[in-house]
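J.: coordinates for the following, if possible.
(one chain, ligands or ions: 1)
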Amino acid sequence: MSILETAKQRYSAKVFDTTRKISDDDIHTLKTIFQLSPSSINIQPWHVLITDNQETKAKITQATQGYYAFNEQKILDASHIMVLCVKNEINQAHLDKLLAKEQADGRIPNDDILNMTKTLRDGFLASQSEHPEKLQAWAANQVYIALGQLLLATADMGIDAVPIEGFDVNILAETFNLTEKGLTPLTLVAFGYHSDADFNANLPKSRFELDDIFTTF
Ligand SMILES: Cc1cc2nc3c(=O)[nH]c(=O)nc-3n(C[C@H](O)[C@H](O)[C@H](O)COP(=O)(O)O)c2cc1C
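T.: This is a model prediction of the structure:
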C-alpha cells in the first residue's frame, strides 16, 4: 500500500476485538519504529511503558474515571497499551548519555565534531535554563512527533490504534510512580484490531481542505 493510501485508511479505532492479540514480532517492530523517530538535536526525551496485562490495564483505567470514562473500555479491550512519557529533566546527564551513544554508534568521526555537537547542545540547554516550562514543552513536542510516526506505521502494518489523551495525568502518574521515575505521561496509545462493532471504522475522514491548510508564498 502506498503511504498516501495508508494515511487515508488509518483511523482511530474506538472498539477493539478482545479476542485478537498483536504478535510479539509486530510489537517489536512498533517499538523499533518509535525508536527511529526523529527528534530535535536527536534529544529523544522519551520513555514508553507498554503492557498487554489485564491487571495493569485495569490499573490504567483508574485514570479514566468520571469525565474520561469514555476511554475506559478501549484500554481494557485493546491488545496492548503504551504510555508515552516525556522525561521531566533534560539535564547534563541526559546530554552526556546521548553523546556517548552517538559516539558508540559511530556518529562522531573526530574531536571537532564532538566539540561542535557538545557546544551546540550545551548552549541550547543553557539558553533554556531560565524557561524550564518552555524546555518541557519542547521536549513534549518531540514525543508527539514519535506518536505521529507510530500511528502511520501501525496502520501500514494492518494494526489499529487510538491515541488517548483523555485521562487524568496526576492519577496515572501516581498509580505507576511516574514522578519518582522522572516521567510525565503525555498520551496513551491503545493498539489492537478493531471489532465489527467499531462505529468509527466506516465513517468518512473529515479534514479541512488543502487550501485552508496551505498557503503558497
Ligand atoms: C494526541 C491525540 C489524543 C487523542 N485522544 C483521544 C481520546 O482520548 N479518546 C479518543 O477516543 N480519541 C482520541 N484521539 C483520536 C482523535 O479524536 C482522532 O484522531 C481525530 O478525531 C481524527 O480522526 P481519525 O484519527 O480517525 O482520523 C486522539 C488523537 C490524538 C492525535
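
J.: contacts and neighbour counts: CA atoms only from here.
T.: OK.

J.: what does this structure put close to the ligand?
T.: Neighbours of the ligand within the chain, by CA under 6 Å from any ligand atom: 11-12, 14, 71, 162-166.

J.: quick one: mean pLDDT for the helix or strand hosting Leu125?
T.: Per DSSP states H and E: Leu125 is located in helix 111-128. Mean pLDDT, computed over helix 111-128, is 90.

J.: what do you get for stretch 63-70?
T.: 98.

J.: re earlier: among the residues of the chain next to the ligand, which lie within strands?
T.: Using DSSP state E, 162-164 are the members of these that sit in strands.

J.: for these, which one is nearest the ligand?
T.: Set against the ligand, the nearest of these by CA to the nearest ligand atom is Ile164 (3.5 Å).

J.: my read is that the closest one contacts Thr187, right?
T.: Yes: assessed by CA atoms under 8 Å, Ile164 is found in contact with Thr187 at 5.6 Å.

J.: what values do phi and psi take at Thr216?
T.: Note on Thr216: its backbone torsions stand at phi -80, psi 130 [degrees, to the nearest 10].

J.: burial count for it?
T.: For Thr216, the count of nearby residues is 4 (other CA atoms under 10 Å).

J.: secondary structure element holding Ser37?
T.: For Ser37, there is no helix or strand it lies in under DSSP H and E.

J.: in which helix or strand does the closest residue to it other than its chain neighbours reside?
T.: Setting aside the residues directly before and after it, Ser37 is nearest to Ala146 in space (CA to CA, 6 or more residues apart in numbering), at 5.1 Å. Using DSSP H and E, Ala146 sits within helix 132-156.
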